[in-house]
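*Asks:* Fold the stuff below for me.
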Amino acid sequence: MSNQSDNLAVSLFSEILMVDQLARASVAKAMPKGMELSHFSVLNHLARAGSERSPAQLAKTFHLTRGAMTNTLHKLEWAGWVHIRPDWDDARRKMVAISPAGQAARDAALAAIAPIIAEVVNNVGEERARTVLPILREMRVKLSETG
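*Replies:* Reported below is the predicted structural model:
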C-alpha cells in the first residue's frame, strides 16, 4: 500500500471507531434501567431471528467467546428476558429464546434509542446515510471473513 492509502485507511478506521464509541455512549444513556447495550443486541437479534439460537451460535454471531456470551445470557435470564432450555436432541447443548418480557424490554429500548439514531441520520441527510450503508456493510463482511 502507498503512503496515501495508509493514511486513508487510518483516517477511515479512526472515524469509524470514533463514531462507534460516540454512538454506543449516546445509545447506552437511553437504555432502560438495568439494560446494557450487549443485552439489547442479543435481545434484538433473537427478536429479529424469530427462533431459538444456541449460546454457541450467538457467540459466533457476535464474535464473542462462549464464556462471554454465557455471562450475558445468564444476566438476560436473571432479568427474565430470555428462556434457556436444554436442547431436546443433544442434552449437552442449550437453546435460547426471547421471552415476552424480553420482547417488551427490547421494544422499550428500541423506542428509546430510535429518536437518537433518527436525529443523527436526519442531521447527516437520509440520502447521504443511504449511500454509505452498502460500503459499511461490505467492510463488515470483509472484516468478519478475516476475523
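*Asks:* Which residues belonging to stretch 73-80 are considered buried?
*Replies:* Within stretch 73-80, the residues scored as buried using 16 or more other Cβ atoms under 10 Å are 73, 75-76, 79. C-beta: built from backbone N, CA, C; applies to glycine.
*Asks:* Would you double-check that Arg85 falls in a strand?
*Replies:* Yes - the secondary structure assignment for Arg85 places it in a strand, going by DSSP: H, G, I helix; E, B strand; the rest coil.
*Asks:* now the buried residues of stretch 73-80 in JSON lines, with pLDDT, secondary structure and distance to Val19?
*Replies:* Rendered in JSON lines, the data for these read as follows (pLDDT from 0 to 100; DSSP: H, G, I helix; E, B strand; the rest coil; distance: Cβ to Cβ, whole Å):
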{"residue": "Leu73", "pLDDT": "98", "secondary structure": "helix", "distance to Val19": "28"}
{"residue": "Lys75", "pLDDT": "97", "secondary structure": "helix", "distance to Val19": "27"}
{"residue": "Leu76", "pLDDT": "97", "secondary structure": "helix", "distance to Val19": "27"}
{"residue": "Ala79", "pLDDT": "96", "secondary structure": "coil", "distance to Val19": "29"}
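*Asks:* Of these, which pair is most distant in space?
*Replies:* Checked with Cβ to Cβ, those reach their widest spread between Leu73 and Ala79, with 10.7 Å between them.
*Asks:* show me where this protein has strands.
*Replies:* Applying DSSP state E to the chain gives strands spanning 82-86, 94-98.
*Asks:* how about those, which one is nearest Leu12?
*Replies:* Comparing the strands of the chain against Leu12 with Cβ to Cβ, the closest turns out to be strand 94-98 (35.1 Å).
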